[in-house]
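Enquirer: only geometry, no sequence info:
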């Protein structure tokens, strides 16, 4: 099981040119190789009661992210909401405000051990198709993503920061916040506000 710290923003429409330029040239970090466009299927109807029974856990709908990615079932569970933080100069129109969360992702063996792989057989008509194109950077072990999203004819973009948190890296929430702060200092674009900061599981409820 992999644990990560994450912060995300979702904005309707296409990312402004100024954001695209910032991400490629001014956002800190090394630009990663482009990955092919893909279509992920997100479960529109999650069997919460079954998951609670299998995982011996109390779960809310927005704390569960269940998807099919290139034929593989992936399940992420929100472990903790760590609060809302601000980044950037408070006098700057480009200040960021967003929610940091801790998530755990179950791998295929975890799903098998929890007898959850059979969820893959769920009728795909109950899944939400999301087309994605991602640009990614890595800065001090923090992955930064600018994602182009399309659901039917509805277009969105997302900016996200994600950092593994385990005994091998021993990276703290403070380190995570410092990397986000560094990125916010060079950002030029529309405000990223806490009302737009949430997980994929909450975002997809707009379409289901």
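Expert: That came through fine. Quantities reported herein were computed from a predicted structural model and do not represent experimental measurements.

Enquirer: what pairs with the residue nearest to residue 70 when sequence neighbours are not counted across the strands?
Expert: In space, and not counting its chain neighbours, residue 70 is closest to residue 38: 6.6 Å by C-beta to C-beta, 6 or more residues apart in numbering. In this view, the C-beta of every residue, glycine as well, is placed from N, C-alpha and C. Using DSSP bridges, the beta-bridge partners of residue 38 come out as residue 132.

Enquirer: Now do the contacts for residue 38.
Expert: By C-beta atoms under 8 Å, 6 or more residues apart in numbering, the contact list for residue 38 reads 69-70, 131-132.

Enquirer: Using ChimeraX, make a named selection holding only the buried ones among those residues.
Expert: If you want just the buried ones from the contacts of residue 38 in ChimeraX, going by 16 or more other C-beta atoms under 10 Å, the selection is:
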select :132
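
Enquirer: by contact count, what packs against the longest strand along the chain?
Expert: Longest among the strand segments of the chain by residue count, using DSSP state E, is strand 72-87. Packing contacts for strand 72-87, counted by 3 or more C-beta pairs under 8 Å, 6 or more residues apart in numbering; DSSP states H and E, involve strand 64-69, strand 96-106, helix 108-113, helix 173-186.

Enquirer: any idea of the mean pLDDT for the third one?
Expert: Which is helix 108-113. Average pLDDT, helix 108-113: 64.

Enquirer: do the same with the first one
Expert: When pLDDT is averaged over strand 64-69, the result is 82.

Enquirer: Enumerate the beta-bridge partners assigned to residue 7.
Expert: Going by DSSP bridges, residue 7 forms beta bridges with residue 161.

Enquirer: Which residues are in contact with it?
Expert: When contacts are counted by C-beta under 8 Å, 6+ apart, residue 7 touches 98-101, 160-161, 180, 197.

Enquirer: Buried residues, the helix or strand containing residue 10. List them.
Expert: Applying DSSP states H and E as the criterion places residue 10 in strand 2-12. Buried residues in strand 2-12, defined by neighbour count with 16+ other C-beta under 10 Å: 4-11.

Enquirer: could you give the angle of it to strand 96-106?
Expert: Put simply, strand 2-12 runs at 140 degrees to strand 96-106, going by axes from the mean of the first three to the mean of the last three C-alpha atoms, to 10 degrees.

Enquirer: Could you list the residues in contact with the next helix or strand after strand 2-12?
Expert: Sequence-wise, the next helix or strand downstream of strand 2-12 (DSSP H and E) is helix 17-21. For helix 17-21, the external contacting residues (C-beta under 8 Å, 6+ apart) are 146, 157, 159, 188-190.
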